[in-house]
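A.B. asks: make a model of this:
(chains A and B)
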2 protein chains.
Amino acid sequence: MTTLITGVAGFVGTNLAKQLLQSGHEIIGLDNLCRGTRANLKSLESHPGFVFGEADLSDYEAYRRTLDQLAAGRVIREVWHLAANSDIPAGIADPQVDLRDTFLTTLNTLKVMREREIGKLCFASTSAVYGDLGDTPLHEDVGPLFPISNYGAMKLASEAMISAALESHLQQVFIFRFPNVIGTPATHGVILDFMNRLRAQNAYLEVLGDGTQQKSYLHVDDLVDAMLFVRGRADECLNYLNIGPRDTGVTVRFIAETVRDLVAPAADLRFGEGNKGWVGDVPRFLYSTDKLAALGWEPRLGSAAAIRLAAREIAEQLGIALPVTDR
Amino acid sequence: MTTLITGVAGFVGTNLAKQLLQSGHEIIGLDNLCRGTRANLKSLESHPGFVFGEADLSDYEAYRRTLDQLAAGRVIREVWHLAANSDIPAGIADPQVDLRDTFLTTLNTLKVMREREIGKLCFASTSAVYGDLGDTPLHEDVGPLFPISNYGAMKLASEAMISAALESHLQQVFIFRFPNVIGTPATHGVILDFMNRLRAQNAYLEVLGDGTQQKSYLHVDDLVDAMLFVRGRADECLNYLNIGPRDTGVTVRFIAETVRDLVAPAADLRFGEGNKGWVGDVPRFLYSTDKLAALGWEPRLGSAAAIRLAAREIAEQLGIALPVTDR
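C.D. replies: Residues are numbered from 1 along each chain as shown, chains lettered A, B, ... in the order given. Got it, this is the predicted structure:
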């Protein structure tokens, strides 16, 4: 069974590839190595079932050529399309980034799949497709869908093209709407950001917004576990699911305190004003994972436990000496 | 008041421009003249308040350059973005068409608006964003949104980018989800198609599908009237409305019979099989216009009357001699 993973050198891609290799898949991995890194690939490249190619997947000819070389006649049965711009602020500064790295990579993945007659696609979407629906619980069938960031918009645009492709040439699609996912190898995100700032100076930590923004977080091990669980169970042509913990999340203040306590206990926390951190940031939302739970999946870690574990893992990744703890 | 209309030489653009000129707007019109025609512009170009530029709006530099020349220092207050690929089968044959003419023209319109600090956008969206939701009434807040054509997908993608832009630089947005709109100058659509085929030979008319596909139709005069009505009444930042008649539509058989009776009464109607005409065609849907009705707008013509009027108008456009009738 040969499987293509786009964005394989990224945070989720690396973790997914590990799991799929362990369960016997041969993996062809592609990445432009913009946000994903060679270092992330190290443990994968030692595996005989893994091959990697560097390519800008928004460039169709480069995509196709690199894949042709790596596939070398093998039949690809399944594609996991994870390649995307994961840096939301970068997409706000320059809308071209999300267009190119999130949307055009999806269009090209669909073209490649059509050409190679690959029928099965698993897609990393996001809770950001829902935009800011206030107090409406965000179950999968809610509407209207008006994203408030280019990131969310290009993910929704990708979902739309995938669903149209299902009508013409795809056979089965899994759309996974990710929550905030944490763990290692961290490439971006609030924990890494806080830690890097406290490494630069450990006297204080400035937090965007007043700290009351609340979000749910899932550990990447749980995310990968959920996706593989769903891929094995769900059998519609079009499967679309929110993935996330069962709780309603933790506040930015909780995250700041957790990081501070771990790496710079004496640091002063300084909060800003308002409950929106940046353009496109949703202050609080009620992300429903009932559909996933109804399939029989439960996460091992809730938001708070995931934050605590990921903080330790990311500190380790950064080479920060940690206090001994029995947590 | 200077207003920019993209896709001004198209079917809806021409009709909208006429109305806006009549109510005192100065119009800058842009079109790539791929589907829209110079002939459509004739009656507009005699108006002193109208200027036109030909440009490929998927090419940002061409868009900007042409607009700079035409605007000549005038401040544009409002943009009506109608430019899009309106030929659904063309978009099925080549996904690049919808990407370029529907989606990239939207992205470039947003860029132009950001640069020129234009706050108000009216956008021609479509009922095709809803995909095939079976028997679910299609009100504006329904979900999930999984379009089944590239056309619908690129319109949904455009809506998503517009809603994200509202969070960063736009001030007010009107998203109008069009039904099937008919009238003149017809550039495509089922009536024109049937008529052209009966002009080529008038012995029979072959109809895709079994003729039971049912859709609602709105006359373009009603469409323009509804949009201007809403633009004058609705005052949210993000206004999104279905526009359509109040009935549940007419069948393809009714349209075929209407056209046949008008232009080739002796022709034999030949139906195919199944109730889907082409990939992306939704057999029947329950398009809700309650939100529009609640604002106080009613169409002058229902689906059947709109079909009968448009058939006569399109026959005239084609120079077909019509039987005298008192209808």
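
A.B. asks: quick one: the strands in the stretch 51-200 of chain A?
C.D. replies: With DSSP state E, counting those that start in this stretch, the ranges of strands along the stretch 51-200 of chain A come out as A:76-81, A:120-126, A:172-178, A:180-182.

A.B. asks: list the helices and strands the first one packs on?
C.D. replies: In terms of contacts (3 or more Cβ pairs under 8 Å, 6 or more residues apart in numbering or on different chains; DSSP states H and E), strand A:76-81 is packed against strand A:2-6, helix A:105-116, strand A:120-126. (C-beta placed from N, C-alpha, C; glycine too.)

A.B. asks: how about the secondary structure of the closest residue to A:Ala264 other than its chain neighbours?
C.D. replies: What sits nearest to A:Ala264 in space, not counting adjacent residues and going by Cβ to Cβ, 6 or more residues apart in numbering or on different chains, is A:Asn202, at 3.9 Å. In three-state terms, and counting by DSSP: H, G, I helix; E, B strand; the rest coil, A:Asn202 is coil.

A.B. asks: likewise for the one 3 residues further on?
C.D. replies: At A:Leu205 the chain is in strand, as set by three-state DSSP.

A.B. asks: show me chain A divided up by domain.
C.D. replies: A:2-178, A:184-216+A:247-286+A:302-317 (automatic domain parsing).

A.B. asks: mean pLDDT lowest where, among these?
C.D. replies: When the domains of chain A are ranked by mean pLDDT, domain A:184-216+A:247-286+A:302-317 comes last with a mean of 89.

A.B. asks: distance check, the nearest residue to A:Asn180 once chain neighbours are set aside against B:Phe146.
C.D. replies: Spatially, and ignoring its direct neighbours in sequence, A:Asn180 is nearest to A:Tyr217 (4.8 Å; Cβ to Cβ, 6+ apart). The span separating A:Tyr217 from B:Phe146 equals 27 Å under the rule Cβ to Cβ, to the nearest Å.

A.B. asks: now A:Asp141: how far from chain B?
C.D. replies: Applying Cβ to the nearest Cβ, to the nearest Å, the value for A:Asp141 to chain B is 5 Å.

A.B. asks: try A:Lys155
C.D. replies: A:Lys155 is 9 Å from chain B, by Cβ to the nearest Cβ.

A.B. asks: residue contacts, that residue?
C.D. replies: Contact analysis of A:Lys155 by Cβ atoms under 8 Å, 6 or more residues apart in numbering or on different chains lists A:84, A:102, A:125-126, A:128-129, A:147.

A.B. asks: re the thing from before, next, the contact list for the residue nearest to A:Asn180, please.
C.D. replies: Contacts of A:Tyr217 (Cβ under 8 Å, 6+ apart): A:179-182, A:245, A:249-250, A:303, A:306-307, A:310.

A.B. asks: before we move on, what about A:Ala315?
C.D. replies: Per Cβ under 8 Å, 6+ apart, neighbours of A:Ala315: A:195, A:262-263, A:322.

A.B. asks: please repeat the previous calculation with a cut-off of 6 Å.
C.D. replies: Residues counted as contacts of A:Ala315 (Cβ atoms under 6 Å, 6 or more residues apart in numbering or on different chains) are A:262-263, A:322.

A.B. asks: one more: A:Gln317?
C.D. replies: A:Thr184.

A.B. asks: mind redoing it with 10 Å?
C.D. replies: A:Gln317 is in contact with A:183-186, A:192, A:195, A:310, counting by Cβ atoms under 10 Å, 6 or more residues apart in numbering or on different chains.

A.B. asks: now do A:Val181
C.D. replies: So, once contact is read as Cβ under 10 Å, 6+ apart, A:Val181 ends up touching A:11-12, A:15, A:86, A:124, A:126, A:189, A:217-224, A:243-244, A:306, A:310.

A.B. asks: let's have the domains of chain A in JSON lines, adding distance to B:Gly232.
C.D. replies: Below are those laid out as JSON lines (distance: least, Cβ to Cβ, whole Å):
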{"stretch": "domain A:2-178", "distance to B:Gly232": "22"}
{"stretch": "domain A:184-216+A:247-286+A:302-317", "distance to B:Gly232": "30"}
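
A.B. asks: please identify the deepest-packed of these.
C.D. replies: Highest mean neighbour count among the domains of chain A (mean count of other Cβ atoms under 10 Å in any protein chain shown): domain A:2-178, with a mean of 20.

A.B. asks: could you tell me how far that domain lies from the centre of the chain?
C.D. replies: In terms of Cα atoms, centre = their mean, to the nearest Å, the centre of domain A:2-178 is set 10 Å apart from its chain centre.

A.B. asks: start to end distance for that domain?
C.D. replies: Chord length of domain A:2-178, first to last residue, is 24 Å (Cα to Cα, to the nearest Å).

A.B. asks: how about stretch A:235-247?
C.D. replies: With Cα to Cα applied, stretch A:235-247 spans 27 Å between its terminal residues.

A.B. asks: and if you look at stretch A:47-67?
C.D. replies: 19 Å.

A.B. asks: name the residues that touch stretch A:318-327?
C.D. replies: By Cβ under 10 Å, 6+ apart, stretch A:318-327 touches A:184, A:186, A:192, A:195-196, A:198-199, A:261-265, A:305, A:308-309, A:311-312, A:314-316.

A.B. asks: longest helix of chain A?
C.D. replies: Using DSSP state H to assign secondary structure, the helix with the most residues in chain A is helix A:150-168.

A.B. asks: convert the C-alpha atoms of it to PDB, please.
C.D. replies: The C-alpha trace of helix A:150-168 is given here as PDB (Å, rounded to 0.1, in the frame of the first residue of the first chain):
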ATOM      1  CA  ASN A 150      -7.500  34.100   4.700                       C
ATOM      2  CA  TYR A 151      -6.300  30.800   6.200                       C
ATOM      3  CA  GLY A 152      -9.800  29.700   7.000                       C
ATOM      4  CA  ALA A 153     -11.100  31.000   3.700                       C
ATOM      5  CA  MET A 154      -8.500  29.000   1.700                       C
ATOM      6  CA  LYS A 155      -9.200  25.900   3.700                       C
ATOM      7  CA  LEU A 156     -12.900  26.300   3.000                       C
ATOM      8  CA  ALA A 157     -12.100  27.000  -0.700                       C
ATOM      9  CA  SER A 158     -10.100  23.700  -0.700                       C
ATOM     10  CA  GLU A 159     -12.900  21.800   0.900                       C
ATOM     11  CA  ALA A 160     -15.200  23.100  -1.800                       C
ATOM     12  CA  MET A 161     -12.900  22.100  -4.700                       C
ATOM     13  CA  ILE A 162     -12.500  18.600  -3.100                       C
ATOM     14  CA  SER A 163     -16.200  18.200  -2.800                       C
ATOM     15  CA  ALA A 164     -16.700  19.200  -6.500                       C
ATOM     16  CA  ALA A 165     -13.900  16.700  -7.400                       C
ATOM     17  CA  LEU A 166     -15.800  14.000  -5.600                       C
ATOM     18  CA  GLU A 167     -18.600  14.500  -8.100                       C
ATOM     19  CA  SER A 168     -16.200  14.100 -11.000                       C
END
